[in-house]
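Engineer: need coordinates for the following:
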Amino acid sequence: MPDKKRVLIVGAAGRIGTVLREGLVDRYALRGIDIQSGGGPDVAVGDVRDLASVERHFQGIDTVVNLLRMTNEPGTWEDVYHNDLPGIWNTFEAARMAGVKRVIFASSNRATEKYEREHPYSAIMAGDYEGLDPSAIPYVDATMPVRPQGPYGIVKVFGEVLGRWFAEHYGMSVLCLRFGRFTGEEKPGDVRQFSVLLSPRDLVHLVERCIEAPDDVRYGIFYGVSDNTWRIWDISEAERLIGYQPQDNMETWRQRGSP
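Structural biologist: Numbers count the residues shown, from 1 in each chain. Below you'll find the predicted structure:
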């Protein structure tokens, strides 16, 4: 049997990191790093803003999953400038220095959040579906101009652009995931989540498909959302290029009276 792929999760003690570690542990040789303690014996404490102190953790790794998030949305420029910008750069740079083949960067739907302020997306976010056909809604896709709402979204766009540069300049494979809303729950907690929620099962599947993507997928931006009836984001490229097949649809919860 071939050796398991070695995967490093940056931000492994957070909500998404914890779900991924539980969901991927049987398939991959996992290692984690987080600025906070409490992630378990396989999660080292480290601050990626200090490149020299963390670069050893990237040695011998095949794929890095970068879940770095030091600034909460919408954030301030001061926060992202001093925390997220150097952290994102150092993660890519440490991966490059260690010869990592692929980086999966956790971007966010906040990179295009301004589209949600316009019809029909604004109506869908409010749960006002009257006169709308979900099969006829034009999806927001990764080819459309970025339209972040605030500094948090802006720094995620920075990470996507930086990832493209590392991919084209150094030959690294970089896959960016514009995650929808992830709460760790299987069911929506408010009206907007009927459109944007990503279930734990679909999260694990999406990241696994990125890890297993063909080597010739050098760069990509994919929306991370379950197969929700009222989703507004296009997932066809993720389906075509990496084989993403989400299993959950938040609409099934509406029949059960949730939320």
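
Engineer: and after the top helix by length along the chain, which helix or strand comes next?
Structural biologist: Assignment by DSSP state H gives helix 151-170 as the longest helix of the chain. Per DSSP states H and E, the first helix or strand lying C-terminal to helix 151-170 is strand 173-179.

Engineer: now the strands for the protein?
Structural biologist: 6-10, 29-34, 43-45, 63-66, 102-108, 173-179, 219-224 (DSSP state E).

Engineer: the shortest one pairs with which strands?
Structural biologist: Here the strand partners of strand 43-45, with direction, are listed using DSSP bridges: strand 29-34 (parallel).

Engineer: from the chain's centre, how far out does the strand it pairs with sit?
Structural biologist: 17 Å (CA atoms, centre = their mean, to the nearest Å).

Engineer: what angle separates that strand from strand 6-10?
Structural biologist: Taking axes from the mean of the first three to the mean of the last three CA atoms, to 10 degrees, one finds strand 29-34 and strand 6-10 inclined to each other by 20 degrees.

Engineer: using CSV, write out every CA atom in strand 29-34.
Structural biologist: What follows is strand 29-34 as a C-alpha-only set of coordinates in CSV (Å, rounded to 0.1, in the frame of the first residue of the first chain):
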residue,chain,number,x,y,z
ALA,A,29,-1.3,11.5,7.6
LEU,A,30,-2.5,14.7,9.2
ARG,A,31,-0.5,17.3,11.0
GLY,A,32,-1.8,20.6,12.4
ILE,A,33,-0.7,24.0,13.5
ASP,A,34,-2.7,26.7,15.3
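
Engineer: one step back: redo the strands of the chain as a markdown table? Include mean neighbour count.
Structural biologist: All C-beta spots, glycine's among them, are computed from the backbone N, C-alpha and C. Output for the strands of the chain, formatted as a markdown table (neighbours: other CB atoms under 10 Å):
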| stretch | mean neighbour count |
| --- | --- |
| strand 6-10 | 25 |
| strand 29-34 | 22 |
| strand 43-45 | 17 |
| strand 63-66 | 26 |
| strand 102-108 | 25 |
| strand 173-179 | 26 |
| strand 219-224 | 24 |
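
Engineer: can you redo the ones you listed as a markdown table with mean pLDDT and distance to Arg201?
Structural biologist: Listed next are these as a markdown table, based on pLDDT from 0 to 100; distance: least, CB to CB, whole Å:
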| stretch | mean pLDDT | distance to Arg201 |
| --- | --- | --- |
| strand 6-10 | 97 | 18 |
| strand 29-34 | 95 | 18 |
| strand 43-45 | 93 | 22 |
| strand 63-66 | 98 | 17 |
| strand 102-108 | 97 | 18 |
| strand 173-179 | 98 | 14 |
| strand 219-224 | 98 | 12 |
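
Engineer: let's have the ones you listed in TSV, adding distance to Phe166.
Structural biologist: Shown next, in TSV, are the strands of the chain (distance: least, CB to CB, whole Å):
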stretch	distance to Phe166
strand 6-10	15
strand 29-34	19
strand 43-45	23
strand 63-66	11
strand 102-108	7
strand 173-179	6
strand 219-224	9
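
Engineer: figure out which of those strands is closest to His119.
Structural biologist: strand 219-224 (20.1 Å; CB to CB).
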